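Asker: Sequence below, structure please.
(2 chains)
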Amino acid sequence: MALYSEVVMDHFMHPRNVGIIEDADGVGEVCNAKCGDIMKIYLKIENDIIVDVKFETFGCGSAIASSSMATEMIKGKSISEAMALTNKAVAEALDGLPAHKLHCSVLAEEAIKNALKDYYDRNGIPYDKSMFPDCEHCAHCE
Amino acid sequence: MQVYADNAATTQMSAVALEAMLPYFNKIYGNPSSLHSVGQEAKEALEDARARVAKCLGCEPREIIFTSGGSEADNQAIRSAAYYGARKNKKHIISTAFEHHAVLHTLEKLEKEGFEVTLLDVSQGHNITAQQVKDAIRADTCLVTTMYANNEIGSVLPIGEIGAVCKEAGVPFHTDAVQAAGHLQIDVKAQNIDMLSLSGHKFHGPKGVGALYVRRGIPLVNVIEGGAQERGKRAGTENIPAIMGMAAALEDACGHLQENMAKVTAMRERLIEGLSQIPHCALNGDRENRLPNNVSFCFEGIEGESLLLLLDMKGVCASSGSACTSGSLDPSHVLLAIGRVHDVAHGSLRLSLSEYNTPEEVEHILTVVPEVVAYLRSISPVWRDLQTGKRQYIL
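Answerer: Down below sits the predicted model:
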């Protein structure tokens, strides 16, 4: 039995949406303070629609695959749809992750939420703070 | 091309070992404890294997106990010395911070039982000195246990010097020689080693078998209770096929020691030289006193598990001390012990060779590792921050 599903390996070997967006409208960076993986998401947003998304990830195969899958799942979607993306949905779309790798999908959900929060902040749009992850404690993101 | 460069994890069994094992499954199948001729035939083979293993280590056959592997041998050696010490009110043990878990976890258990453990610092030169051992020895020290050579970073410890220090102080000395046996010249008498653990599958022998050398006169406690096998020190019917395979493999390894060392060291040097060209990397482990087969690097800005997966796709089997490969979210305690910070330990790669590898395979590794490192850096936010000056390079 392989370590990862075929979908995970496909997204790991051929990650979609890798790179950066120079004039991004929102950028989110999160890390897992424990394992040290870091994920960065760039969003281009027009009329409430995510017209482009890119990512960079420092992490294991499942972290890279989770970033790739999560960006695919929000591309072309509205902000509210992107906000509704859960780590569970990312893991399911990847045809499952090993139990000790589920935190990688959490990282993807949090990176997207952080990028959306950055978009709100930049545009002075009010939001409910409780809807976003608290990444303050993480030394990597200072 | 598939290149197996994970020989510190396990080795391919040799034809010599396999041949040596086969008759003992269905032809000479007796139980060595049986009185009849079928059993005695197996007993003779067992004692012959014991003599051959002893010869490779420079000890007497009666000083060898066969075990299920290196971990069991480590457990038994350490517990025996600890409990013997406790009887004389000596409950202090000296070891190092980069031991294998078979040693470290046994020591942790003993700490819970009231023993005090000093783990020597390994951050200077990624090794320890005999002077460190000497300075740590106390009146109540009952055991010094240090590995012969480190499994992750390849540092070879000054075993002979440590042995001399322990002998002078009258403290028993155990060494976990799992990575050294069959790869380095060992002479337990000359090196003043009181106990030594080894494992069959690290030198092209079978898995599930090992040996513990115990100098005559050192009392052992049993890890496995039962029958009177192994002079009453290790119960359970002997795994004769595995023991025969291990003895053959060890004899073969020791018979070709210099030749294999020269061949493997040359490939190691080529790999170290080539991989050192990758920017912002560092070699882990003692540069001079090093296992012939060990190459261990940290590459800044990348993570080890993704590195291993991509290398595997390109035909290179290796290993890493990255947190992501550990299953525990923590990077290797060995890399942390030598002073690598978490982020850097995350990007570690261990290549461990054997004489079965070829210079062509080494060149293949040297082609694919830089490509994969460069690719992973190209998608790493950490690498971008390092390049744009938002983060400072550590390596």
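Asker: Pull the contacting residues for A:N123.
Answerer: A:D25 (Cβ atoms under 8 Å, 6 or more residues apart in numbering or on different chains). From N, CA and C alone the C-beta is placed, and that goes for glycine too.
Asker: Recalculate using a threshold of 10 Å.
Answerer: A:D25, A:G26, A:I45 (Cβ atoms under 10 Å, 6 or more residues apart in numbering or on different chains).
Asker: Can you show me the strands along chain B?
Answerer: Remark: strands assigned in chain B by DSSP state E are B:3-4, B:64-67, B:92-96, B:116-120, B:141-147, B:173-176, B:195-199, B:210-214, B:281-283, B:294-299, B:316-317, B:348-352.
Asker: which helices and strands does the last one pack with?
Answerer: To tie it back to what came earlier, the one meant is strand B:348-352. Judged by 3 or more Cβ pairs under 10 Å, 6 or more residues apart in numbering or on different chains; DSSP states H and E, the packing partners of strand B:348-352 are helix B:257-275, strand B:294-299, helix B:304-313, strand B:316-317, helix B:333-337, helix B:359-378.
Asker: Ok, which of the ones you listed comes nearest chain A?
Answerer: Closest of these to chain A is helix B:304-313, at 3.7 Å (criterion: Cβ to the nearest Cβ).
Asker: just the strands in chain A please.
Answerer: A:26-31, A:38-46, A:49-58.
Asker: can you put those strands in a markdown table and add mean pLDDT?
Answerer: A markdown table is the format used below for these (pLDDT from 0 to 100):
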| stretch | mean pLDDT |
| --- | --- |
| strand A:26-31 | 94 |
| strand A:38-46 | 97 |
| strand A:49-58 | 97 |
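Asker: which residues touch whichever residue of chain A sits closest to chain B?
Answerer: Closest contact between chain A and chain B, by Cβ to the nearest Cβ, is at A:C60 (3.5 Å). Going by Cβ under 10 Å, 6+ apart, A:C60 touches A:4, A:12, A:35, A:37, A:66, A:101, A:104, B:303-309, B:320, B:322-325, B:346.
Asker: now with 6 Å?
Answerer: Applying Cβ atoms under 6 Å, 6 or more residues apart in numbering or on different chains to A:C60 gives the contacts B:E303, B:E305, B:S306, B:C324.
Asker: ok, and the most crowded of those?
Answerer: With neighbours set by other Cβ atoms under 10 Å in any protein chain shown, the maximum within the contacts of A:C60 is found at B:E303, which has 32 neighbours.
Asker: Return the most buried member of the helices and strands packed on strand B:348-352.
Answerer: strand B:294-299 (a mean of 28; mean count of other Cβ atoms under 10 Å in any protein chain shown).
Asker: Need the residues that contact that strand.
Answerer: Counting by Cβ under 6 Å, 6+ apart, B:153-154, B:268, B:271-272, B:275, B:281-285, B:340, B:344, B:347-352, B:373 sit against strand B:294-299.
Asker: pLDDT weak spots in the chain?
Answerer: You didn't pick a chain, so chain A it is. Where chain A drops to pLDDT under 70, the residues are A:1, A:134-142.
Asker: hm, I was asking about chain B
Answerer: Looking along chain B with the criterion set at pLDDT under 70, you get B:327.
Asker: dump the residue contacts of the residue positioned nearest the centre of chain A.
Answerer: Closest to where the C-alpha atoms of chain A average out (Cα atoms, centre = their mean) is A:A108, at 3.1 Å. Counting by Cβ under 6 Å, 6+ apart, A:A108 makes contact with A:S66, A:S67, A:A70, A:V90.
Asker: Repeat the analysis, applying 10 Å as the threshold.
Answerer: A:A108 neighbours (Cβ under 10 Å, 6+ apart): A:30, A:39, A:41, A:55, A:57, A:62-71, A:73-74, A:85, A:87, A:90-91, A:94.
Asker: Which ones among the residues you listed map onto helices?
Answerer: A:62-71, A:73-74, A:87, A:90-91 (DSSP state H).
Asker: overlap between these and the residues near chain B?
Answerer: Restricting the ones in helices among the contacts of A:A108 to those adjacent to chain B (criterion: Cβ under 10 Å from any Cβ of the partner chain) gives A:S62, A:A63, A:I64, A:A65, A:S67, A:S68.
Asker: Select from these the one having the most neighbours.
Answerer: In these, the most neighbours by other Cβ under 10 Å go to A:S67, 34 neighbours.
Asker: okay but that residue is in contact with A:T57, surely?
Answerer: Yes: here A:S67 reaches A:T57: they are 4.6 Å apart, a contact under Cβ atoms under 10 Å.
Asker: coming back round to it: mind putting the helices and strands packed on strand B:348-352 in JSON lines, distance to B:D74 included?
Answerer: Compiled in JSON lines, the helices and strands packed on strand B:348-352 are given as follows (distance: least, Cβ to Cβ, whole Å):
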{"stretch": "helix B:257-275", "distance to B:D74": "23"}
{"stretch": "strand B:294-299", "distance to B:D74": "20"}
{"stretch": "helix B:304-313", "distance to B:D74": "26"}
{"stretch": "strand B:316-317", "distance to B:D74": "26"}
{"stretch": "helix B:333-337", "distance to B:D74": "16"}
{"stretch": "helix B:359-378", "distance to B:D74": "31"}
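Asker: residues shared between the contacts of A:S67 and A:T57?
Answerer: A:P15, A:V18, A:D37, A:M39, A:K40, A:I41, A:C104, A:L107, A:A108, A:A111, B:I379.
Asker: Just put these in TSV and tack on distance to B:E116.
Answerer: Below are the shared contacts of A:S67 and A:T57 laid out as TSV (distance: Cβ to Cβ, whole Å):
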residue	distance to B:E116
A:P15	50
A:V18	52
A:D37	37
A:M39	43
A:K40	46
A:I41	50
A:C104	40
A:L107	41
A:A108	46
A:A111	46
B:I379	48
